[in-house]
Each structure stands twice: as structure tokens, then as C-alpha cells.
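1. Fold the following.
(chains A and B)
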Amino acid sequence: MAEYHDPSLGGFDWAEILTTVRRRLSFHLRGWESADIEDVTQDVLLSLVRFLERSGAPVSMEGLVAVIARRAAVSSMRTRSRRPPTQPVLEEHAVTLDDSTRRELLAIEEAVEARAFLILEYFRMHQAPCVELAEARAAGVDFKQLAGTTGQSHVALLQRWSRCMKRLRDAIGRGEFPWNRPGGEA
Amino acid sequence: MNESYRDQHARFPALLSDYLLDVLDEQQCALIEAHARECGACGTLLAQARARRTDWWDGSGHATVRLLSAWASKPESLAASDRALVERHLERCEECREDARVLGGHAAANAAPAREGAPAPANHNAGLVWAFAGGLAAVLLVFVFMNPPRAPESGVAVQPEVRQPSESVTPPAGAPRAPIAQAPSAEPVAVAMAPVSLDGALRGAQGSTKAARVDLPSGATIVPFTLPALFLDGSTKVVTELRDANGGVLWRDEMPAASALAPAGIRIPAERLRAGTLVLRVAWIDETTGAESREYALEVSKQH
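-> You can find the predicted model right below:
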């Protein structure tokens, strides 16, 4: 585990937090290799550090650990389930990520989560025809599958998605949408 | 676009999230991809992002932890529009409601929009007020008509095997209520107590540094407690025990974690509490680590 010297991170028993995170992830990711659990553990710890650096101490550290660990576990399970079983692991991907790379990727992940949340809520409020498509994508259903289950044309769905994104860009351009203010990046 | 390499490099991380979600138009996408080919660091970042997830939309759509945490603990720190955004989302999203409850150490639970499709409160404070008023009304109804207070049996400890199921406190839905005429009219009106929060009262190996204060008003029949957040499966059985300073069991109950972790989820008959220092022990079985427990110190005083 990396050592952090930021004074804002003092006051917490990181050894106990590490133990709690490992225990929670072992519970959520039952049957996983310990190295894989350790990988997710590092992500959870860095997410905690990022949270504390940006938002300060939470109301409940135990609650924060629980929520971040659960979300990380769900995300890891989802990612693993989407990987084709025959897909080989490329060498560059098998290399253990260092902390700075992890931090960069976590920052991207947080930005994506915040953006996707805003987009979905914007569609719900202003672009009802786009909600079905955004919800399908958020649920991991691609448009081909959606076309099959709803009896719509795959091409029509792709075109509709393209129009939805254009409307979103227009709304951002007109400043109708809180795209770049703090709440949007929360 | 006449953007320099340096500008593109500076904007790359910020634009990457938009790129991964298909928000950028074709021209912007082409610029991002061109820069990723030119710049080793940005190219690597893009490759690692693609390797991390094949579809970045997959699993998205929930409020972020920071936003939920801010809403649950300091809603006034959020802009009104962000607060409304979160509350609209919580009306639909059970998962985020649960996360907000855990993040807020239960503080958010009363304010969270109602579940099972019930209309959400108009605002954060109104939710709290209505939830509290509802709780008071329910407690009064239940204890005036269903559970007339019994005389305290001082010094009598409840045996561990004696269960006082929580279900006895609240009648099941649709159950016939006792006719008003049967209510003991001579009994004093029960006094409802505000829930006692156990946040910060955790009792460690060296003993508690801060006990939760319980000022028992005269006429109170039930003392409700709100546990700090514990991440448990809702169906896990939780055993709660009230013990005196010598370890004697004064009261014991067993209930699903979902009930125990609800605000005011632990409800102890007032007659079981003694003035002085008591311990509330909460125990459960964790699937990975086996038996686990927490102990909370209580400093009880009775008003006369």
C-alpha cells in the first residue's frame, strides 16, 4: 500500500481502513483471486484518498468505506462479466498499475460517472426519447440487443442516439446545462 | 481549429470523459485521437482507459459518491439546482438512496424521498419534518392503543432467551386495531421520545470515551435508538442486547438488519433502562469473518 503524507489525511487509522476494505471486498468478490481483490483494494483506497483530499472528512468514515468498496466491487464484477472469455490479456494491461496511473484513471472514472449522471438526468427532464437509449447503455445493453427486444431498427436507434448527443451538445453550448460547474463535477 | 499542441494536451484529460461517453462531435473526436497519436502520455492514458472498460456507459447513471455525501451531510453546501437534481434521482434510485443513508450515517434517511413510488417531499427540510411527525404519531398511536405501559420491575434482569420481537411494537399492515373502547382510559398518555443517535458512542477495548446520553422523560414507554451506519445485508439477523455495568442482560431482541439499521430501528422498553451507565451490544454473523459485534455506551438519566 502506498504511503500518503498529506496532513489532511491524518487522523484516520489507515491500517484499520485497509483491513475493512479488504474484508468488504473479500465478501463482495467471493471466489476471486486474492491478487484481483488486492487490485480493487488499491482502487478503493485511492478513491478514499481522493474523496478526503477534495471533500474533507465524511460524516461517517465507515459509511464512506462501505459505499466506495461496494461500488468498486460492482464495477469490477461488471467489467469482468463484459470481457469476452476468449479475449487474451495483453501484456501491457497485465502489468500492475502504479499509483499515479491509477489516480489518473480514477479521476477519469469519476468525471465519466458525474457526466453520465448529468446526461441521464438532463434527458429525463428535457429529451424523453433519449432516456430509453441512455438507460439501455447504462445497463450494458447495446443498441443491437435493444433493437432486437423492442422491435426497432438498429440503424434507427443509432441515428436517434446521434441526434440525442447533438441536442445535448447544443444544450451545453447554449449554457442550458450545468456541464462545467462544481456541482456537475461532484 | 487552431488549438496548439500544448492547449490540446492541457485539455486532453478533461475532454477524455466526454470522448468516452460519445458526447464529442466528429471534429472534436478526430482532434482527441490525433493528439493521442502524437503525445505518448495522452496516448497511453487513452489506451489504459479503453483497456479498463470496453464501454464507459455501462454501469453509469448513478449520483457520484461526493454528490451523495454532500447531499446527505451538508445539503446547504449544494446549489439548489444540484440538490433538486439529487432529490429527483433519489426518487427513482433505490441504490443511491441506500448509499445516501449509509454516507449520511442515517442523517439522510428521513430526508430521502419516500420509497415504493411514494411522492417525494418537496424539499429536504420538509422531508425531515414529516418523517419526524409521522414517527411521533405512530409511536403515540401504537402505545396508547396497543401497549399500555407496565409498571417497571426494577432489579429484574431479562433472561437472554426471552425474546421481545420488534414486530410486537408495530402492528402488521392490515391487522385489526384494538377498539378505542378497550384502551385503558385511566392510563397516563405515553410520551414519545426522540430517537437517540449512537454515533460516536462506540465502546472500544479501553472503554468508551463518550457515551450517548439518554434523558428518559417521565411517561416514556419506548426508547428509540438509531444505530450508526453498518454495511450489512438487509436480511442478516442482528441481535441487540442491553446490559448493565456488570454485564447482566436487561433486554434482548433479534431482528433483520434492515429493521435494526432504520432510523429509530432499535426500540427498547423504557422500563428496561436503569439510571447509570449501560451498554448496548449489537451482534451479527458476517459471511466472511464470522461473528461480529459493536458495543455502544449509554449514560442514562431518568426525569421525575
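2. So which residues of the stretch 1-150 of chain B form helices?
-> With DSSP state H, counting those that start in this stretch as the criterion, the stretch 1-150 of chain B has helices at B:5-20, B:26-38, B:40-52, B:65-73, B:80-92, B:94-103, B:124-145.
3. can you redo the ones you listed as CSV with distance to chain A, mean pLDDT and mean neighbour count?
-> Glycine gets a C-beta too; all of them are placed from N, C-alpha and C. Formatted as CSV, the helices of the stretch 1-150 of chain B follow (distance: least, Cβ to the nearest Cβ, whole Å; pLDDT from 0 to 100; neighbours: other Cβ atoms under 10 Å in any protein chain shown):
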stretch, distance to chain A, mean pLDDT, mean neighbour count
helix B:5-20, 4, 87, 16
helix B:26-38, 9, 92, 14
helix B:40-52, 5, 90, 15
helix B:65-73, 4, 93, 24
helix B:80-92, 4, 91, 19
helix B:94-103, 4, 91, 22
helix B:124-145, 15, 45, 16
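4. can you redo these as CSV with distance to residue A:162?
-> Formatted as CSV, the helices of the stretch 1-150 of chain B follow (distance: least, Cβ to Cβ, whole Å):
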stretch, distance to residue A:162
helix B:5-20, 15
helix B:26-38, 10
helix B:40-52, 21
helix B:65-73, 29
helix B:80-92, 25
helix B:94-103, 29
helix B:124-145, 38
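5. Among these, which comes closest to residue A:23?
-> If you check each of the helices of the stretch 1-150 of chain B against residue A:23 by Cβ to Cβ, helix B:94-103 wins as the nearest, at 16.0 Å.
6. What residues sit buried inside the helix or strand encompassing residue B:301?
-> Under the criterion DSSP states H and E, the helix or strand holding residue B:301 is strand B:290-302. Going by neighbour count (16 or more other Cβ atoms under 10 Å in any protein chain shown), the buried part of strand B:290-302 is B:294-300, B:302.
7. then it to PDB, C-alphas only?
-> Provided in PDB are the C-alpha atoms of strand B:290-302 (Å, rounded to 0.1, in the frame of the first residue of the first chain):
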ATOM      1  CA  GLY B 290     -18.000 -14.800  11.300                       C
ATOM      2  CA  ALA B 291     -19.500 -13.300  14.400                       C
ATOM      3  CA  GLU B 292     -19.100  -9.500  14.700                       C
ATOM      4  CA  SER B 293     -20.300  -7.100  17.300                       C
ATOM      5  CA  ARG B 294     -20.300  -3.400  18.300                       C
ATOM      6  CA  GLU B 295     -20.800  -2.000  21.700                       C
ATOM      7  CA  TYR B 296     -22.200   1.400  22.400                       C
ATOM      8  CA  ALA B 297     -22.000   3.100  25.800                       C
ATOM      9  CA  LEU B 298     -25.200   4.800  27.200                       C
ATOM     10  CA  GLU B 299     -25.400   7.300  30.100                       C
ATOM     11  CA  VAL B 300     -29.000   7.000  31.300                       C
ATOM     12  CA  SER B 301     -30.700   9.600  33.400                       C
ATOM     13  CA  LYS B 302     -34.400   9.500  34.400                       C
END
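8. Residue B:43: which of the buried residues of strand B:290-302 is nearest?
-> For these, with residue B:43 as the reference and Cβ to Cβ as the criterion, the closest is residue B:294, at 49.5 Å.
9. nearest spatial neighbour of the closest one, skipping sequence neighbours?
-> Sequence neighbours aside, residue B:282 is the residue nearest to residue B:294 in space, at 4.9 Å (criterion: Cβ to Cβ, 6 or more residues apart in numbering or on different chains).
10. what does residue A:38 give?
-> residue A:22 (7.9 Å).
11. ok so, going back, is it possible to get TSV of the buried residues of strand B:290-302 that adds distance to residue A:13 and pLDDT?
-> Shown next, in TSV, are the buried residues of strand B:290-302 (distance: Cβ to Cβ, whole Å; pLDDT from 0 to 100):
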residue	distance to residue A:13	pLDDT
B:294	16	83
B:295	18	85
B:296	19	89
B:297	20	89
B:298	24	92
B:299	25	91
B:300	30	92
B:302	36	82
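12. What is the neighbour count of residue B:251?
-> 21 (other Cβ atoms under 10 Å in any protein chain shown).
13. From the contact counts, what lies against the helix or strand where it lies?
-> Here residue B:251 sits within strand B:249-256, counting by DSSP H and E. Counting contacts by 3 or more Cβ pairs under 8 Å, 6 or more residues apart in numbering or on different chains; DSSP states H and E, strand B:249-256 is packed against strand B:237-243, strand B:266-269.
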